[in-house]
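> give me a 3D structure for the following:
(chains A and B)
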Amino acid sequence: MPAWNLTNARHLLRRTGFGATRDAAQQLFDGNATLAAAVDSLLGFDGSKFKPGGKGIDDLHNKWVKYMIKTRLQLQERLVLFWHDHFATSYAKVEDVKLMALQNRLLRINCKGDFKAFVKAINKDAAMVEFLDTVRNRKKQPNENYARELEELFTLGVTAPTPDAGGDAHNYDQEDIVQIARAFSGWGYNSKGEAEFDEDRHDQGDAIENWNPARGPKVIFKKRGGFNNAAGQPFDGGSYDQEIDNVIDIIFQHRYGPSGNLRNTVADYIAKRLVTYFAHPDPAQSFVHSIVDASGFSTSWSIEALLRALFNHDDFYLSATAPGGATKKSVKWPIDFVVSTLRLLGVKLKGKDQSVQGGEYQDIRGQLTNMGQVLFEPPSVFGWDWELAWASSSTMLARYSFARDVTSARDGGASSFRPELLIDLSLTDPGDIVDAVTEMLGLDDQITTNDRDDLKTYLGAGPIDLLDDDTRNRKLHGLVCVLLQSPLYQLQ
Amino acid sequence: MAITRRQFIGRASLATAGTLFGPQLFRNPFLSQALASTIGDRYFIVLFLDGGNDGLNTIIPVTGGLRSPYEDNRKTGAGGLRIANPLVPAVGPGAPAFIDPNTGSQLGFHPGLAKIRDMYEHGMVSVVQGCGYPEYSLSHQVSRSIWERGSPFDSLGTGWMGRYLAAPSSGYIGSDIPAVNIGNSVSGEYNQSATSVLVFNRLSDFGFPYDPSFADDSAAKDILFNALYGNAGATAHPFMQNLSGTGTSTLTATQQYPVLHDDYIADRQSWSDMYADENVPGLDTSTARGFREIAKVIYGGARGAIPANLQARLFELRNGGYDTHSNQGAEETKGDHFRLHQEVAESINLFYQDLADMASGASVGSGLYDLPNKVTVMVFSEFSRRIEQNDDGTDHGSQGPVFVIGGANALNGGIYGNHIDIANTDGDGNSIYSQDNLDGFRSTDFRDVYGTIMKHWLGLANPAALFPLDSTLGLVGPEYWNTANFNLGFLP
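Numbers count the residues shown, from 1 in each chain, chains lettered A, B, ... in the order given. Purely as a prediction, here's the structure:
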């Protein structure tokens, strides 16, 4: 059981929200007698049904970013981001703002609920039906796009962490994709974005059709015998419009590993992704197994229960301390970098295009585009590449520019950077100023002595008169700018 | 007072050129600068067609034994994908007859590739058919990473270009910028723990990273920036080390690279405008703009505008949208596939015209001399599409063609390798990979393409060391790669 102290409280806040100051951590620590209670207080939120509105996709984008900055349901939005990446759907192909907004709300409503029900809902989500061509999947012209990604990305993964007794680690084969595509044929959506089934376009098998050669009844996982039925899993869900749910019921029984030590494939696959997202990359298999087993996720499919087990696990706190040899760290997503920074600095974006009021006065969508993350437009069905893939010279440069712009926002009002609201400007000692600034940015427990010395050197010999406009604008804004650009601030 | 970029470069290069680089960019300090002995004054560009380009509607059978199975599967009418009139290039010097060596079938280019056909006629194009690997995968992600690694085996965690950069004979040291990725992240080709590659979308993005109102404080900020990134490099945390290299080389690029943009625009404005000409279908696209950035780097570097060790000679860019499960289109100019082909063909053609113009009048000793013959472009995709079409698109398939393009004296134009067998497919409707003769349908192993480029273009005497044979891994049989053939003939 992890210790309940300020360090862990702060880590918990960092990972479940956007940016964590010491004050917020102190509040969480003081308000809860145990770690378990703190986790419950974070997970027990009443979900919002927020749906970003607007005519264009940029409106949707900006409304969502604005919501992330102001909402107290930070964990909810972190989860919506995760699911947006997991069930990656791009406006670039869907080209329908309403459908993208509906999907965004679907992700929010299901973000900590029953994962199996969630996947069944995604199957019929109009944006997804459009994006992965279910709408074009007909009995005479089956389209395999959705069937493949459903298995490869949404539920199973291509290969299992450990092979079966015969040394084979593949979770499925091409035939399974063909069979699932048949089961999904005939589905589309109406003008309200609701799922619709067209029986005439559905492949009903040789019971009705005269296929030559006969396609026969749909059966999946023939070669993956060893769970439930060595001859494969037939679709016996009753009427044909039930097959779309039936597929999920079958997939969620998929097991992997050597006989005698079979584990649920979907549960471990999803748990590993959530652990990687919230805790750290390359988690130990024992960590993943432990939270799946402790939460009962492989039978209840409760995402909330899985997260509770995760946040109460020792290994979750491996990434709490400053980066060193054994510490696990993650690279902040661009949206996290932006939202955290604006929350920590108390700077609001301005106007319809939500622009930063400094530097190049660029809108936030443009800034995020350069950082490599445009919401509602993931690069492909694989979502975004995480960790060091976020940090190339191109995307880092975009982060540097954002840091420059936000710290030079001096037009006045809520959209400027006003350090007087965050720091005691009567401080004159360089060390005190450095401590106040690193605390403001939530870095005070992460920086090294060398870092602190270098920051002091930048400020120069004291006393520093922060009440002098020129000194403050030059040195204090400059210090915050370079700290936002620093390698440490890119990690969490 | 705002500092201009030029003033800043002048100041920065005075102070720090060459010393700003972190020690982490390449961790191989004992390597000597033997660059000239390998790639020499050449350049190599990789263009990745992301999503699985339909090779069967790229190089198309016109007559002969392949045409009839092609017409059996590619239909006419609404949604039909049959190309009725492929473009057959004229035979001429450096442009042998466009005939499949195995079946003798006349082949032709997709009409969207008219400019590539023209370049073929000028001896500038070699087409390597049937490129693939054993036990093909139809997963985008899996297949892409196989191509990026240059190996079907997960055990090789590095990219094929990354291994080249890290090979002692390549001679790169920590302060070099040998390679550039156009885009947002370093592509898998360059994966190698010891290397960091510069990534950008536009050279003009390399702006001033601090508040220009306080330019007199920028030197102090540079010192702090480099100190913090230096401290990160000194930690034992791999992410911090990697960020250290990326951050310092990015800062260097903000100081050194803008001149490449400025000079190109000053000297070649009309060419710059051509890449963005919205009146020419295929230009004013991401591929065209990507090639324009490469042209800037080559132009400036060849004229000695930046230090030689910062002169990138390897480039990667990608064009997305090839996952044509639907709306692929045949010959109609508005079809998705037509537009993609046209984008690639127009961009590459303009790029070589630009290079030829740069070289015109250049004296023998100049870096610009004979430029088109110093640059080759390899065009590949992670897989091809199935011969049997669906409603109005194609599902994932196995092997496909690779293009290698360059000046007429840079390569041996023609057709290499065999067209895949579309009449006899496996149970999944795909042609299989085999190194066996298979009635003349022997496949081309993708490692033979890479190896040929390594040996004959990048000057690596023994590329075999970078590409383990399947037989060395205990996998033998005709379908596996047992004999390297790094002399496919498409390069002199």
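
> every contact and neighbour count from this point should use C-alpha atoms.
Noted.

> who's in contact with the residue of the stretch 151-300 of chain A found nearest chain B?
Here the stretch 151-300 of chain A gets closest to chain B at one residue, residue A:174, 7.1 Å apart by Cα to the nearest Cα. Residues near residue A:174 by Cα atoms under 8 Å, 6 or more residues apart in numbering or on different chains: residue B:428.

> for it, phi and psi?
With angles defined as degrees, to the nearest 10, residue A:174 sits at phi -60, psi -40.

> okay, and for the stretch 51-200 of chain A, where does confidence drop off?
Scanning the stretch 51-200 of chain A for pLDDT under 70 picks out nothing.

> which ones are touching the closest residue to chain B within it?
Per Cα to the nearest Cα, residue A:141 is where the stretch 51-200 of chain A lies closest to chain B, at 5.0 Å. By Cα under 8 Å, 6+ apart, the contact set of residue A:141 is B:390, B:391.

> equivalent analysis for residue A:375, please.
Residue A:375 makes contacts with residue A:61, as judged by Cα under 8 Å, 6+ apart.

> distance of it relative to residue A:154?
Look at residue A:375 and residue A:154: by Cα to Cα, to the nearest Å, they are 19 Å apart.

> quick check, central residue of chain A?
Most central in chain A under Cα atoms, centre = their mean is residue A:82, positioned 1.9 Å from the mean C-alpha point.

> tell me the secondary structure for that residue?
Secondary structure for residue A:82, judged by DSSP: H, G, I helix; E, B strand; the rest coil, is helix.

> now it: closest residue in space, sequence neighbours ignored.
With sequence-adjacent residues excluded and distances taken as Cα to Cα, 6 or more residues apart in numbering or on different chains, residue A:82 is closest to residue A:277, at 7.5 Å.

> all strands for the stretch 1-150 of chain A, in order.
For the stretch 1-150 of chain A, no strands are identified by DSSP state E, counting those that start in this stretch.

> hang on, I meant chain B
Assigned by DSSP state E, chain B shows strands spanning B:43-50, B:59-61, B:107-109, B:125-132, B:179-182, B:198-200, B:314-320, B:375-381, B:400-406, B:414-416, B:444-445.

> chain A is nearest to which of those strands?
Smallest distance to chain A across the strands of chain B (Cα to the nearest Cα): 4.3 Å, for strand B:198-200.

> ok, and what's touching that closest one?
Contacts for strand B:198-200 (Cα under 8 Å, 6+ apart): A:392-395, B:177, B:179-186, B:246, B:249-250.

> if you set the cut-off to 10 Å instead, what comes out?
The contact list for strand B:198-200, computed with Cα atoms under 10 Å, 6 or more residues apart in numbering or on different chains, reads A:370, A:391-398, B:177-187, B:206, B:246, B:249-250, B:253, B:290, B:293, B:312, B:315-316.

> ramachandran angles for residue A:264?
phi -70, psi 120.

> same deal with residue A:394?
Backbone torsions for residue A:394, taken as degrees, to the nearest 10, come to phi -60, psi -50.

> residues from the stretch 1-150 of chain B in reach of chain A?
B:50, B:51, B:137, B:138, B:139, B:140, B:141, B:142 (Cα under 10 Å from any Cα of the partner chain).

> and with 8 Å instead?
When proximity is defined by Cα under 8 Å from any Cα of the partner chain, the stretch 1-150 of chain B lies next to chain A at B:139, B:141.

> isn't residue A:391 right up against residue B:197?
No: using Cα atoms under 8 Å, residue A:391 is not in contact with residue B:197; the gap is 11.1 Å.

> what touches both of the two?
Common neighbours of residue A:391 and residue B:197, using Cα under 8 Å, 6+ apart, are residue B:246.

> and the nearest residue to residue A:127 once chain neighbours are set aside, how many neighbours?
Computed as Cα to Cα, 6+ apart, the closest residue to residue A:127 that is not its neighbour in sequence is residue A:99, at 5.2 Å. Residues near residue A:99, counting by other Cα atoms under 10 Å in any protein chain shown, number 20.

> do the same with the one 10 residues further on
Residue A:109 is surrounded by 17 other residues when neighbours are defined as other Cα under 10 Å.

> contact partners for it?
By Cα under 8 Å, 6+ apart, the residues touching residue A:109 are A:47, A:48, A:49.

> which residues touch the first one?
This means residue A:47. So residue A:47 contacts A:73, A:76, A:108, A:109 (Cα under 8 Å, 6+ apart).

> neighbour-wise, which of those leads?
Neighbour-wise, the contacts of residue A:47 (other Cα under 10 Å) top out at residue A:76, 26 neighbours.

> who's in contact with that residue?
Contact analysis of residue A:76 by Cα under 8 Å, 6+ apart lists A:47, A:108, A:111, A:112.

> excluding chain neighbours, give the residue nearest to residue B:138 in space.
Per Cα to Cα, 6+ apart, closest to residue B:138 is residue B:396, 5.9 Å.

> how much space between that neighbour and residue B:432?
13 Å.

> got it, and residue B:251?
48 Å.

> between the two, which is the more surrounded one?
Shown here are residue B:251 and residue B:432; by other Cα under 10 Å, residue B:432 has more neighbours (27 against 24).

> pretty sure residue B:245 sits against residue B:233.
Yes: taking contacts as Cα under 8 Å, residue B:245 lies within contact range of residue B:233: 7.4 Å.

> more crowded one of these two?
A direct count of neighbours by other Cα under 10 Å for residue B:245 and residue B:233 places residue B:245 higher, at 28 against 23.

> ok, now which ones touch residue B:450?
Going by Cα under 8 Å, 6+ apart, residue B:450 touches B:150, B:486.

> swap in residue A:106?
Residue A:106 neighbours (Cα under 8 Å, 6+ apart): none.

> distance of it from residue B:217?
For residue A:106, the distance to residue B:217 (Cα to Cα) stands at 49 Å.

> next, give phi and psi for residue A:473.
phi -60, psi -30.

> neighbours around it, how many?
Neighbours of residue A:473 (other Cα under 10 Å): 20.

> chain A contacts on the stretch 151-300 of chain B?
Counting by Cα under 8 Å from any Cα, the stretch 151-300 of chain B sits next to chain A at B:183-186, B:197-201, B:205-206, B:208-211, B:214, B:217, B:220-221, B:223-225, B:227-229, B:231-232, B:235-237, B:239-240, B:242-244, B:246-247, B:249-250.

> let me see the ranges of the helices in the stretch 351-492 of chain A.
Remark: helices assigned in the stretch 351-492 of chain A by DSSP state H, counting those that start in this stretch are A:364-371, A:393-407, A:430-440, A:449-459, A:469-471, A:477-485, A:487-490.

> closest to residue B:401 out of the ones you listed?
Among the helices of the stretch 351-492 of chain A, the nearest to residue B:401 by Cα to Cα is helix A:393-407 (31.0 Å).

> show the buried residues in the residues of the stretch 151-300 of chain B next to chain A.
Buried members of these, counted by 16 or more other Cα atoms under 10 Å in any protein chain shown: B:183-186, B:197-201, B:205-206, B:208-211, B:214, B:217, B:220-221, B:224-225, B:227-229, B:231-232, B:235, B:237, B:239-240, B:242-244, B:246-247, B:249-250.

> circling back: worst mean pLDDT among the strands of chain B?
Among the strands of chain B, strand B:198-200 has the lowest mean pLDDT, at a mean of 85.

> that one: partners in the sheet, and parallel or antiparallel?
Looking at strand B:198-200 with DSSP bridges, its partner strands are strand B:179-182 (parallel).

> in this structure residue B:42 contacts residue B:375, no?
Yes: contact criterion Cα under 8 Å: residue B:42 and residue B:375 qualify, at 6.0 Å.

> and residue B:14, what's its pLDDT?
Confidence score, pLDDT, at residue B:14: 28.

> what is the neighbour count of residue 41?
Here I'm looking at chain A. Using other Cα under 10 Å, residue A:41 is surrounded by 13 other residues.

> try chain B instead
Residue B:41 has 15 neighbouring residues, counting by other Cα under 10 Å.
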